[in-house]
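>>> Compute the structure for the input listed below.
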Amino acid sequence: MGLSAVGIMDWVEANDKETARREELTTKLIEMDLRWGGSSGSGRGGSSENVATKAAVLKKIQARLPEDSKIAPQLVGADLETLELFDKGQTTLEDFYSGNSLPYTPEQAEADVTSFYREVVKSGGKVDVEDIYAMLGIDEDMVDEVAYGDKTYGDLARSIAEGKEEVGLAFSFREPVKPLSGSEQEKIRDLFISNLRPTIRAELTIINDKQSEGTATAEDEARALELDRAMENLDNKDYIAASRIAGPEAAIKLMETNPRYKPYNYLINQNLGFQNKNDIARAIKVGLIEKGTRIFYNGSSYTITEEDVQRAIG
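The predicted structure is shown next:
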């Protein structure tokens, strides 16, 4: 039997309804994917142009950091806006160092990130893909059919089912500080050195009192010998050796009375020999040392970590 006019009209009407249904379905899928999915959301996708830009910015950032950087791997997954903010912070410091004829080494770039936190939040991903097919009326023939762009109905449904990860970062950079003149640097060092002798004497007085009272411990006796040696070092103008023995307390007191010297802590925080974590925490609180500062701890070289900083500031 041939086609009738009514049959043709019925077919056209049914086809129009199916087209409208698919258009509505595609809109719903896109909206759901943007909210809960990974392929179109900011977490793992975006346009190819956006992905390429993110890759370029990330590569630029990582090129400035050390090969064994602890920060670089944590930047992966961040959105473009966040990466651009990080790049801007690095560029500001790089321009500052260059403008003042100072090297901007990978190690310096890492140390200049004074705080860094990363949080990953996953959204969606709690629905089975087959349930999405059933709820939205996606039959088997439609799974591999293109919905929009290069995305099939199956791609969108699977993306919604998998969910997406949002990477949140919070970070801060060291404030650029204008370098001091040679005479200004010498003034800070001289103040530190002038603090060493009274600091040593004060600690020796405490130990001497214990010795007089008969309460001095073996550790006190050993410390007294170290302090006597530090005094000899000062007499011989061996300030580095004296700093290894008695420098932390003198430097901490200097920073407590002159907080404006905090940006120039590198002038006096080298070669300091710490005996315990409490003094390290005190030094961090007054701005004498920070993450990345190299000190001596119980006779061995030690680099201040983010954990040390967090422990100190509570």
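>>> Need the distance between the two termini of stretch 66-83.
Using CA to CA, to the nearest Å, the gap from the first to the last residue of stretch 66-83 comes to 17 Å.
>>> repeat for stretch 145-152
Start-to-end, stretch 145-152 (CA to CA) is 5 Å.
>>> List the buried residues of that stretch.
Ala147, Lys151, Thr152 (16 or more other CB atoms under 10 Å). Backbone N, C-alpha and C define where each C-beta goes, glycine included.
>>> Next secondary structure after the one helix or strand Met255 maps to?
Assigned by DSSP states H and E, Met255 belongs to helix 239-257. Using DSSP H and E, the helix or strand that follows helix 239-257 towards the C-terminus is strand 273-274.
>>> I'd like the next helix or strand past that following strand.
Downstream of strand 273-274 (by DSSP H and E), the next one is helix 277-285.
>>> Could you list the residues in contact with that next one?
248-249, 251-252, 255, 269, 272, 274, 289-290, 295, 297, 304, 308-309, 311-313 (CB atoms under 8 Å, 6 or more residues apart in numbering).
>>> Against which helices or strands is the helix or strand just after it packed?
The helix or strand immediately downstream of helix 277-285 is strand 294-297, counting by DSSP H and E. In terms of contacts (3 or more CB pairs under 8 Å, 6 or more residues apart in numbering; DSSP states H and E), strand 294-297 is packed against strand 273-274, strand 300-303.
>>> Pick the most buried one from those strands.
Using mean count of other CB atoms under 10 Å, the stretch among the helices and strands packed on strand 294-297 with the largest mean neighbour count is strand 273-274, at a mean of 20.
>>> Given that strand, what are its sheet partners and their directions?
Strand 273-274 sits in its sheet next to strand 294-297 (parallel), going by DSSP bridges.
>>> Show the average pLDDT along the partner strand.
Taken as a whole, strand 294-297 carries a mean pLDDT of 91.
>>> Show me how far it is from its chain's centre.
Relative to its chain's centre, strand 294-297 lies at 22 Å (CA atoms, centre = their mean, to the nearest Å).
>>> CA atoms of that strand as PDB?
Below are the C-alpha coordinates for strand 294-297, written out as PDB (Å, rounded to 0.1, in the frame of the first residue of the first chain):
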ATOM      1  CA  ARG A 294      68.700  26.700  56.300                       C
ATOM      2  CA  ILE A 295      69.900  26.500  59.800                       C
ATOM      3  CA  PHE A 296      71.800  24.100  62.100                       C
ATOM      4  CA  TYR A 297      69.700  21.900  64.400                       C
END
